[in-house]
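>>> any chance you could fold what I've pasted below:
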Amino acid sequence: MTPEQVALVQESFALASNRLPELGARFYAHLFASAPELRPLFTTDLEVQQGKFTDQLQEIVASISHLDTFVVGARTLGRRHVDYGTRARHYPLVGAALLAALGDVLGDQLTPDGFEAWQLAYNLVAETMQQGSEA
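Okay, the predicted model is just below:
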């Protein structure tokens, strides 16, 4: 990712920051609509889970411009998600749900360049988490 793409991710997330509960709700709505078989993996109260998701997303967005911190955090997250039942085939579903939720919340504020930056950012997160899950 270029510094400009990192900035686009961080700037667009800042625009969504006052709507994080909605972002979390929309993420899970998209995820479970596209992959209802994943719902049983989430045993925590969904509202609590949505908060955990947006908190983690906030940490990732903040750390993405600091590669060492980002890699350690994403690998650790990947290791934890193995215990939750996450498999490699789930990552594309999660990415699609995230991008759809961001589009819902940001609307026209999510520019084509911003959307592309989020795709790249998510791919980086997913790849790094999967590296952690293999450790």
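
>>> what residues sit buried inside the helix ranked longest in the chain?
Ranked by number of residues, the top helix in the chain under DSSP state H is helix 112-134. For helix 112-134, burial by neighbour count (16 or more other Cβ atoms under 10 Å) applies to 114-115, 117-122, 124-126, 128-130, 132-133. Glycine gets a C-beta too; all of them are placed from N, C-alpha and C.

>>> likewise for stretch 95-113?
95-106, 110.

>>> before we move on, what about stretch 80-98?
For stretch 80-98, by 16+ other Cβ under 10 Å, it's 81, 86, 90-91, 94-98.

>>> tell me the contacts of residue 57?
13, 23, 98 (Cβ atoms under 8 Å, 6 or more residues apart in numbering).

>>> mind exporting the longest helix of the chain as PDB, just the C-alpha atoms?
Provided in PDB are the C-alpha atoms of helix 112-134 (Å, rounded to 0.1, in the frame of the first residue of the first chain):
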ATOM      1  CA  PRO A 112     -13.400   4.700  -5.900                       C
ATOM      2  CA  ASP A 113      -9.800   5.400  -4.800                       C
ATOM      3  CA  GLY A 114     -10.900   4.900  -1.100                       C
ATOM      4  CA  PHE A 115     -12.700   1.700  -1.900                       C
ATOM      5  CA  GLU A 116      -9.600   0.400  -3.700                       C
ATOM      6  CA  ALA A 117      -7.400   1.400  -0.700                       C
ATOM      7  CA  TRP A 118      -9.700  -0.500   1.600                       C
ATOM      8  CA  GLN A 119      -9.600  -3.500  -0.600                       C
ATOM      9  CA  LEU A 120      -5.800  -3.400  -0.400                       C
ATOM     10  CA  ALA A 121      -5.800  -2.800   3.300                       C
ATOM     11  CA  TYR A 122      -8.200  -5.700   3.900                       C
ATOM     12  CA  ASN A 123      -6.000  -8.000   1.800                       C
ATOM     13  CA  LEU A 124      -3.000  -7.000   3.800                       C
ATOM     14  CA  VAL A 125      -4.800  -7.700   7.100                       C
ATOM     15  CA  ALA A 126      -6.200 -11.000   5.900                       C
ATOM     16  CA  GLU A 127      -2.800 -12.200   4.600                       C
ATOM     17  CA  THR A 128      -1.000 -11.200   7.800                       C
ATOM     18  CA  MET A 129      -3.700 -12.800  10.000                       C
ATOM     19  CA  GLN A 130      -3.400 -16.000   8.000                       C
ATOM     20  CA  GLN A 131       0.400 -15.900   8.500                       C
ATOM     21  CA  GLY A 132      -0.300 -15.700  12.300                       C
ATOM     22  CA  SER A 133      -2.800 -18.500  12.100                       C
ATOM     23  CA  GLU A 134      -0.100 -20.800  10.700                       C
END
